[in-house]
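>>> Take this sequence and fold it.
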Amino acid sequence: MPRFVLLDRDGVINRRIVGGYVTCWEEFAFLPGVLEGLRLLNEKNCHVIVVSNQAGVGKGLMTTADLQEITRKFIQEVEAQGGRIRSVYYCTHRPEDDCQCRKPKPGLLLRAQAEHHFDFEHTFLIGDSESDLLAAQALGCPAIMLSDAPSAGLEKLPHAPQVTVPSLLAAAAFLLSKKGCYNSWKRYGSPT
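Here you go, the predicted structure:
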């Protein structure tokens, strides 16, 4: 049976623009190890789904067509390197719109689950912000936090991640290890 992994985009797959948004393909830069990590997950039958807030659209900084073009190109590059992104879900609302899909609310995750029929208890969310952790916690989904600081104080939060690692490649290695898969993927067997 396939396993599912939910990924945030900015700060997990590509470099985050501090105080701004990736508004065109020329601004999109894969983080180190991402393509290898996605390839490893694909090789082990892990279905990757992206769930990402993209308020740049709602703020008028880019169009939906711009966002679709960025998505098409990064998926194409992932596939060229042996990885696969099964689906991408975006919330394009502004924070003040108070929608149900913008993380930390779990709407994007619920939409992905409705279309792909996975169990949150046995699905990991990999993110780089507290809003990712809160969305995962709301649904009982274990989370992995990406941070350069191995002890970013997140373990003290009531919604702490299972582990904090520096990259998507390290997160993939954790998931595919006995330690990572045993607790949350044990009903599906070892991903070897």
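>>> Can you read off the pLDDT for Lys164?
Wrong residue type there; residue 164 is Thr, not Lys. With respect to pLDDT, Thr164 scores 89.
>>> Just after the strand or helix carrying it, pick out the following helix or strand.
Remark: Thr164 resides in strand 163-165, with elements defined by DSSP states H and E. Per DSSP H and E, the first helix or strand lying C-terminal to strand 163-165 is helix 168-175.
>>> For that next one, enumerate the helices and strands it packs against.
Secondary-structure packing of helix 168-175 (3 or more CB pairs under 8 Å, 6 or more residues apart in numbering; DSSP states H and E): helix 34-43, strand 124-127, strand 143-146, strand 163-165, helix 178-185. No exception for glycine: its C-beta is placed from N, CA and C like everyone else's.
>>> any chance of the ones you listed in CSV, plus distance to Gln54?
Shown next, in CSV, are the helices and strands packed on helix 168-175 (distance: least, CB to CB, whole Å):
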stretch, distance to Gln54
helix 34-43, 18
strand 124-127, 14
strand 143-146, 18
strand 163-165, 24
helix 178-185, 28
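>>> The host helix or strand of Val88 pairs with which strands, and in what direction?
Assigned by DSSP H and E, Val88 belongs to strand 87-91. According to DSSP bridges, strand 87-91 forms sheet pairs with strand 46-53 (parallel).
>>> mind checking the SS state of the residue in the chain sticking out farthest from the centre?
Relative to the centre of the chain, the most outlying C-alpha is that of Gly60, 23.9 Å out, by CA atoms, centre = their mean. Secondary structure assignment for Gly60 (DSSP: H, G, I helix; E, B strand; the rest coil): coil.
>>> and Glu159, what pLDDT?
Quick fix: residue 159 reads His, not Glu. pLDDT, His159: 73.
>>> Quick check: the closest residue to it other than its chain neighbours vs Ser131, distance?
For His159, ignoring the flanking residues on the chain, the nearest one in space by CB to CB, 6 or more residues apart in numbering is Gln137 at 3.8 Å. For Gln137, the distance to Ser131 equals 11 Å [CB to CB, to the nearest Å].
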